[in-house]
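Visitor: 3D model of this:
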Amino acid sequence: MLRILEHMVQDKFKLYFTTEGKKGTGIRFLVKKEFAVYVQQFQHFEGRIGFIDFYTKKKKIRIIQAYINVQDKEKPQVKRLYKQIEHWTNQCLNSFVKDIIIMGDFNTKWNEYEFLDISHWRHDIFNYFKKHFIKESTLVFCDDISDMYTYIPNNPNHSHNKIDYIWCNIDLMLSAIDSKPRDVQPVIKTDHRMITLDLFMDDIVINKNNTQKCQPSSKTIYCYDEMQKTDGEWNWDKFNKDIIEYLDNPNIKLTTNKIRGINSHKQLNQLWNLFRKAIIHSAKCNIKQKKMKVKQNCHPLYDSDLKRDLNMLKGMLNKIHGTKLDFNDRSIENRQKIIAHITALYRRSDGNKSNTLSDFISITKRHNIIISNHFLHNKTFQYKDILQDTIIILESKYINATYEYKKNIMNTFIQERNQNYKTDKKKMIKSVLEQPHTSLSIDKVYKNDNNKDTFYTEENEVKEQTNLHFQMIVSAINCEKDLSQHPKWQDQYQSKHDVQHTIYSDLMK
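Guide: Sure, this is the predicted structure:
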């Protein structure tokens, strides 16, 4: 009898697993306690496969775990397991909002499938993944997988092979950093290696310590090049005068006693913020400004006319359900109700007036769907059916567009990832994934040297002190390099017997 258990492991992890009387069965999920709050449900099937739904504010991920005994005598069960995996995966793909990870021991040799091109029923699940653009993670990050293995047989006559996998849909793969097999012996006693998939956590879970503010729709540009020194409406004299007047306030003005009374960084920052406030206030009043719209990033698929039109049609259908119109009632009174609903005016977000009928006809024309302008009078009671058929047509177009988009972006992603992964990892992260990066701007430095406090604000001094700090930072170690392992370096650092006399010719120009 199968039992579902949920256990706490050393107060740090939550364990979801199935147990069966039969030896060699059961799957497990070990989730860190702080992430276990995102687990919505846990399901299993025949003690061989199971999944957890992991929902955060940023992502909805279904993680499927598999342990499949692929033998000819187990073919009926394996077929059932494959079918169930496909069913769980299709639920995610059809939702357009859920990502999918399928991982585990499939006991199917990758070399036979990829390199020998042997057609066999045990490869049906791999063919399904390939058809739906679900990628095996190590393929993306490793140039050559011909020698990659995850199974280490005890019998020396048996060959190593790859039978463990992590599969992901394309959207989630774009949040991946790395994936590779790792040796876990002797820490864990096993004849398998472990495959890991590293993801950008900021793409999955909201980092409360690094929350991103919503970008404003416009930004202010200060026109410094249009400023005059003394004359005109916008001049530097007014700017400086306002700052001086603000800082002459007795509560703000610096005195010798105030400077001597600074005993902490907090007090120093409070005074600095007052000066900063004076400068910003004067700039807003005395420097010419103009507003510029911030360009919003548009997704070629999710922000397309096709997606907007599809959402609008679904909204029309929801309104019909909300008003509870009866399209089977053929009475004149009910017909008038339907017409009144479809032709009722409303105001769009741009301020113009429209109605459901004109919006519907515009959408059908935009997508080359033939609808008569007079169909409302001839086929009033068929309006709901026509609307549903139109939604099906646009959904088919959207699915095809999604297929092409993901196909193209995955091909580009793999190509660029393989080019940059070994040569320039930083460029790989920036140019391919386009992840937002946190930057640090240092505009002032407070230094205590031999009990002498110094406050630096000049740009060159700030830069010099910052560089000095990071050169002497704790745990920074200057290790001796073994140049014998690097012939190019050895040649570079070798003493030169001849020096071109022209190398300094441009130095004093």
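
Visitor: distance from the chain centre to the biggest helix by length in the chain, please.
Guide: As assigned by DSSP state H, the longest helix anywhere in the chain is helix 383-420. Centroid separation between helix 383-420 and its chain, computed with C-alpha atoms, centre = their mean, to the nearest Å, is 19 Å.

Visitor: cool, stretch 444-463 as well?
Guide: 39 Å.

Visitor: how close does residue 74 sit to residue 446?
Guide: Residue 74 is 70 Å from residue 446, where distance means C-beta to C-beta, to the nearest Å. Quick note: C-beta positions are derived from backbone N, CA and C, even for glycine.

Visitor: okay, domains of this structure per the record?
Guide: With domains defined by automatic domain parsing, the chain comprises 3-209, 218-293, 305-415, 445-493.

Visitor: so can I have TSV of those domains showing mean neighbour count?
Guide: As requested, these are exported to TSV (neighbours: other C-beta atoms under 10 Å):
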stretch	mean neighbour count
domain 3-209	16
domain 218-293	12
domain 305-415	13
domain 445-493	10
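
Visitor: could you dump these into a markdown table with distance to residue 299 added?
Guide: Below are these laid out as a markdown table (distance: least, C-beta to C-beta, whole Å):
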| stretch | distance to residue 299 |
| --- | --- |
| domain 3-209 | 11 |
| domain 218-293 | 19 |
| domain 305-415 | 9 |
| domain 445-493 | 38 |
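
Visitor: looking at those, which has the lowest confidence?
Guide: With a mean of 74, domain 445-493 has the lowest mean pLDDT of these.

Visitor: any idea which residue sits dead centre in this protein?
Guide: residue 203 (3.8 Å; C-alpha atoms, centre = their mean).

Visitor: isn't that one right next to residue 59, touching?
Guide: Yes: contact between residue 203 and residue 59 holds when scored by C-beta atoms under 8 Å: they sit 7.0 Å apart.

Visitor: quick one on the thing from earlier: please name every helix or strand in contact with the longest helix of the chain.
Guide: In terms of contacts (3 or more C-beta pairs under 8 Å, 6 or more residues apart in numbering; DSSP states H and E), helix 383-420 is packed against helix 137-141, helix 170-173, helix 305-323, helix 356-366, helix 375-378.

Visitor: how about those helices in TSV, adding distance to residue 401?
Guide: TSV is the format used below for the helices and strands packed on helix 383-420 (distance: least, C-beta to C-beta, whole Å):
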stretch	distance to residue 401
helix 137-141	24
helix 170-173	14
helix 305-323	6
helix 356-366	14
helix 375-378	27
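
Visitor: so who does residue 223 touch?
Guide: Counting by C-beta atoms under 8 Å, 6 or more residues apart in numbering, residue 223 touches 234, 287, 288, 289, 290.

Visitor: can you show me the helices along the stretch 151-300 of the chain?
Guide: 170-173, 201-204, 236-247, 256-260, 265-286 (DSSP state H, counting those that start in this stretch).

Visitor: quick one: these as JSON lines, columns for distance to residue 146 too.
Guide: Converted to JSON lines, the helices of the stretch 151-300 of the chain look like this (distance: least, C-beta to C-beta, whole Å):
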{"stretch": "helix 170-173", "distance to residue 146": "22"}
{"stretch": "helix 201-204", "distance to residue 146": "31"}
{"stretch": "helix 236-247", "distance to residue 146": "68"}
{"stretch": "helix 256-260", "distance to residue 146": "70"}
{"stretch": "helix 265-286", "distance to residue 146": "58"}
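
Visitor: relative to residue 322, which of those is closest?
Guide: Closest to residue 322 of the helices of the stretch 151-300 of the chain, according to C-beta to C-beta: helix 170-173, at 32.0 Å.

Visitor: now do that closest one: which elements does it pack against?
Guide: Packed next to helix 170-173, using 3+ C-beta pairs under 8 Å, 6+ apart, are strand 98-105, strand 134-136, helix 383-420.

Visitor: what's in contact with it?
Guide: 59, 61, 99-101, 133-135, 137, 140, 199, 406, 409-410, 413.

Visitor: only alpha carbons, please: show that helix as PDB.
Guide: Provided in PDB are the C-alpha atoms of helix 170-173 (Å, rounded to 0.1, in the frame of the first residue of the first chain):
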ATOM      1  CA  ILE A 170      13.000  27.000 -23.500                       C
ATOM      2  CA  ASP A 171      11.700  29.900 -21.400                       C
ATOM      3  CA  LEU A 172      13.200  28.400 -18.200                       C
ATOM      4  CA  MET A 173      16.400  27.500 -20.000                       C
END
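
Visitor: and the end-to-end length of stretch 40-56?
Guide: Its start and end residues considered, stretch 40-56 measures 10 Å (C-alpha to C-alpha, to the nearest Å).

Visitor: residues contacting the nearest residue to residue 493 once chain neighbours are set aside?
Guide: Residue nearest to residue 493 in three dimensions, not counting chain neighbours: residue 483, with 6.6 Å by C-beta to C-beta, 6 or more residues apart in numbering. Going by C-beta under 8 Å, 6+ apart, residue 483 touches 489, 490, 493.

Visitor: which ones among these map onto strands?
Guide: Residues of these located in strands (DSSP state E): none.

Visitor: distance to residue 112 added to those, as a markdown table?
Guide: Listed next are these as a markdown table, based on distance: C-beta to C-beta, whole Å:
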| residue | distance to residue 112 |
| --- | --- |
| 489 | 43 |
| 490 | 45 |
| 493 | 50 |
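
Visitor: for the residues you listed, which one is nearest residue 398?
Guide: Using C-beta to C-beta, the contacts of residue 483 come closest to residue 398 at residue 489, 54.6 Å.

Visitor: so residue 455 sits in a strand?
Guide: Yes: per DSSP: H, G, I helix; E, B strand; the rest coil, residue 455 lies within a strand segment.

Visitor: how near is it to residue 442?
Guide: Relative to residue 442, and taking C-beta to C-beta, residue 455 is found at 13 Å.

Visitor: and for residue 241?
Guide: Taken as C-beta to C-beta, the span from residue 241 to residue 442 is 30 Å.

Visitor: likewise residue 237?
Guide: Where residue 442 is concerned, residue 237 sits at a distance of 31 Å (C-beta to C-beta).

Visitor: just to revisit the earlier point, quick one, what contacts the nearest residue to the residue nearest to the centre of the chain once chain neighbours are set aside?
Guide: For residue 203, ignoring the flanking residues on the chain, the nearest one in space by C-beta to C-beta, 6+ apart is residue 175 at 4.0 Å. Taking C-beta under 8 Å, 6+ apart, we find residue 175 in contact with 199, 200, 203, 204, 433.

Visitor: can you do 6 Å?
Guide: Contacts were defined as C-beta atoms under 6 Å, 6 or more residues apart in numbering; by that measure residue 175 touches 199, 200, 203.

Visitor: one more: residue 245?
Guide: Counted by C-beta under 6 Å, 6+ apart, residue 245 has zero contacts.

Visitor: partners of residue 197 in the sheet?
Guide: residue 179 (DSSP bridges).

Visitor: circling back: nearest to residue 328, of the helices of the stretch 151-300 of the chain?
Guide: Between these, helix 170-173 lies closest to residue 328; by C-beta to C-beta that is 41.7 Å.

Visitor: quickly note the distance from the residue nearest to residue 335 when sequence neighbours are not counted to residue 497.
Guide: Spatial nearest neighbour of residue 335, chain neighbours left out: residue 380 (5.3 Å); criterion: C-beta to C-beta, 6+ apart. Distance of residue 380 to residue 497, computed by C-beta to C-beta: 97 Å.

Visitor: noted, bye for now.
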